[in-house]
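1. fold the following and give me the result.
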Amino acid sequence: MSLEHLSTGLDAGRLTSRELVEACLARIADPSGEGTRVYTRVDAVGARHAADAADAARTRGERTRRHAGIPISIKDLFDIEGQVTAAGSRVLADAPPATRDAAAVARLRAAGFVIIGRTNMTEFAYSGLGLNPHYGTPLNPYDRKTGRIPGGSSSGAAVSVTDGMAAVGLGTDTGGSCRIPAALTGLTGFKPTAARVPATGAFPLSTTLDSIGGIGHTVNCCAAVDAVLSGDPAYPDEQAPLASLRIGVPRTLVLDGMDGNVAAAFEASLRRLSQAGAAIVDLPFAELSELAAINAKGGYTAAESYPLHRDMMARHGDRYDPRVRVRIEKGTRLTAQDIAALHAQRADWIRRASRHFETLDLIACPTVPVIAPAVRELASDEAYGRTNLLVLRNPTFVNFLDGCAISLPCHEPGTAPVGLMLAALGGQDRRLLAAARAVEALLAAR
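-> Reported below is the predicted structural model:
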């Protein structure tokens, strides 16, 4: 259920925070569920204590914060005071506990959210698939019998929400890590402008590209979390008129390799937007074809993760997921000249790519061009690498652009989840969310 629904129920006395927390804990403990793979640590004692405090304040008639008492999950790369930040790894399992909350966690706690626990993730956030050989892989809620990937790297964050183990999940997005799992599991995931939310106390993948956002049931769930994290006001009723929107659809790269499910859902969404009066503009966006060459040596993720991991890999290289380690090790081949060239190429690419937005409000494309593949299909390193590049391909360009983006579910109810990604230039987060609310309302009416 949405944060708005839960907040209203708590304020009206129809719900208590303790009831919400106990329901989450019951789902986590259910032996038939995904709890042991979704959470790497559950803080039942702390969650119950925080819930009781929120309920007591309401009982006393105190004016409480809007989201006081609502359960939230925290991705395992954020510091939580007194807990080890493992970042989905075994390498850091014996690291000292954090001495303070990460900035994002502290702001959520101050807003009254109840922290249920730490959610599983791709080791060190270095993949868009969500597989983790150390703690297990949370299975996608769609077609669990087949056993499909959840998407990553914020895999546990998404499944904690789909399975009722939290109302909303805190994640990070370096190349789609909030949007990919949201798209593949039927949720909404937001990647804000990178500088919007402080990353202090979050284990980095790329300090240049990392963004911090939420995964929830609705646009307003993500917007409410963003408001807390960024310190900017939320505008839950603000919608852009659909008839005034000019939406560009890139015809370079992002529509390649779509499977039938994604193609049908995406084209149906565009038709509905057009019928509602939005102008759908075909856009060459040839600059997208340049990104593979620009990042051929590993890009910012390799350049900025390798120095952080160099000493740990020298001591404990055998503890890394080999598929993660090989990507980090690309950083060994990057010289100072390579990194300087990368900065220059990015600045030039952003300058040229940004021109497409001069006459457009948004860019739209499938978040991921395929539905969630089965875990068994990724057994070989070749299949893993190929599929990882495929799911990262569309969302990653927004991080390189330093923009903001959101993934909305656009599939027909009962079918495989498909995400519609809406993207805008950096700093236009409020405008993007206003447009996303209008698109969400249109798609929900289908």
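
2. got the contact list for stretch 342-361?
-> 240, 244-248, 281, 283, 285, 287, 290-291, 294-295, 299-300, 303, 363, 400-402, 424-425, 431, 435 (CB atoms under 8 Å, 6 or more residues apart in numbering). Placement of C-beta: from N, CA and C, glycine included.

3. and if we set it to 6 Å?
-> 245-246, 248, 285, 287, 294, 401, 425 (CB atoms under 6 Å, 6 or more residues apart in numbering).

4. how about residue 277, nearest residue that isn't a chain neighbour?
-> Once flanking residues are discounted, residue 277 sits nearest to residue 243: 3.1 Å by CB to CB, 6 or more residues apart in numbering.

5. residue 231 now?
-> With CB to CB, 6+ apart as the criterion, residue 231 has its nearest non-adjacent residue at 7.6 Å, and that residue is residue 107.

6. and the one you found, how many residues sit next to it?
-> Neighbourhood size, residue 107 [other CB atoms under 10 Å]: 19.

7. and what of the one 5 residues further on?
-> Number of residues near residue 112 (other CB under 10 Å) recorded here: 22.

8. gap between the nearest residue to residue 176 once chain neighbours are set aside and residue 251?
-> Counting by CB to CB, 6+ apart, the nearest residue to residue 176 once its immediate chain neighbours are dropped is residue 395, at 2.9 Å. According to CB to CB, to the nearest Å, residue 395 stands 18 Å off from residue 251.

9. next: residue 435.
-> From residue 435 to residue 251 the distance is 21 Å (CB to CB).

10. ok, the two, which is more surrounded?
-> residue 435 (27 against 15).

11. contacts only, for the more buried one.
-> Applying CB under 6 Å, 6+ apart, the residues contacting residue 435 are 240, 362.

12. give me that answer again for 10 Å
-> Contact analysis of residue 435 by CB atoms under 10 Å, 6 or more residues apart in numbering lists 219, 238-242, 244-245, 247, 278, 361-362, 364, 406, 422, 424, 428.

13. where's it, which helix or strand?
-> In this structure, residue 435 sits in helix 429-444 according to DSSP states H and E.

14. coming back round to it: now, the most widely separated pair of the contacts of stretch 342-361?
-> 245 and 294 (30.1 Å; CB to CB).

15. who's more crowded, these two?
-> Each of residue 245 and residue 294 has its neighbours counted (other CB under 10 Å); residue 245 has more, 22 against 16.

16. isn't the more buried one right up against residue 363?
-> No - using CB atoms under 10 Å, residue 245 is not in contact with residue 363; the gap is 11.6 Å.

17. name the residues contacting each of those two.
-> residue 422.

18. check the residue nearest to the spatial centre of the chain and give its pLDDT.
-> What sits nearest the mean C-alpha location of the chain, by CA atoms, centre = their mean, is residue 178, with 0.9 Å. If you check residue 178, the pLDDT there is 98.

19. helix, strand or coil for the closest residue in space to it that isn't next to it in sequence?
-> Leaving aside its chain neighbours, residue 178 sits nearest to residue 189 (3.9 Å; criterion: CB to CB, 6+ apart). Under DSSP: H, G, I helix; E, B strand; the rest coil, residue 189 falls in the strand class.

20. what residues are bridge-paired with residue 189?
-> Taking DSSP bridges, one obtains residue 215, residue 407 as the residues bridged to residue 189.

21. list the contacts for it?
-> By CB under 10 Å, 6+ apart, the residues touching residue 189 are 151, 154, 157-158, 161, 169, 171, 173, 176-183, 213-216, 221-222, 367, 395, 405-409, 419, 421.

22. ok, it to residue 225 distance?
-> Taking CB to CB as the measure, residue 189 falls 11 Å from residue 225.

23. what's near enough to touch the closest residue in space to residue 392 that isn't next to it in sequence?
-> Closest residue to residue 392 apart from its sequence neighbours, by CB to CB, 6+ apart: residue 128 at 4.3 Å. Counting by CB under 10 Å, 6+ apart, residue 128 touches 122, 149, 151-155, 174-177, 179-181, 184, 368, 387-393, 395-396.

24. one more pass at 8 Å, please.
-> By CB under 8 Å, 6+ apart, the neighbours of residue 128 are 122, 151-153, 175-177, 180, 388, 391-392, 395.

25. ok, residue 102 next?
-> For residue 102, counting by CB under 8 Å, 6+ apart, the contacting residues are 78-80, 200-202.

26. could you find the closest non-adjacent residue to it?
-> That would be residue 201: by CB to CB, 6+ apart, it lies 2.8 Å from residue 102.

27. over to residue 44?
-> Closest residue in space to residue 44, ignoring its immediate chain neighbours: residue 25 at 5.5 Å, by CB to CB, 6+ apart.

28. neighbours of the one you found, how many?
-> Residue 25, neighbours per other CB under 10 Å, totals 19.

29. repeat for the one 3 residues further on
-> Neighbour count of residue 28, defined by other CB under 10 Å: 23.

30. with residue 428 instead?
-> Residue 428 has 18 nearby residues by other CB under 10 Å.

31. show me what contacts residue 162?
-> Residue 162 touches 141, 185-187, counting by CB under 8 Å, 6+ apart.

32. measure it to residue 141 for me?
-> 4 Å.

33. ok, now residue 382?
-> Distance from residue 382 to residue 141, by CB to CB: 28 Å.

34. when the two are compared, which one has more neighbours?
-> A side-by-side neighbour count of residue 382 and residue 141, using other CB under 10 Å, places residue 141 first with 20 against 9.

35. and the residue lying closest to residue 105 once chain neighbours are set aside, its phi and psi?
-> The shortest distance from residue 105 to any non-neighbouring residue, by CB to CB, 6+ apart, is to residue 78 (5.3 Å). Backbone torsions of residue 78, given as degrees, to the nearest 10, read phi -100, psi 140.

36. assign a three-state SS to residue 363, would you?
-> Strictly by three-state DSSP, residue 363 counts as strand.
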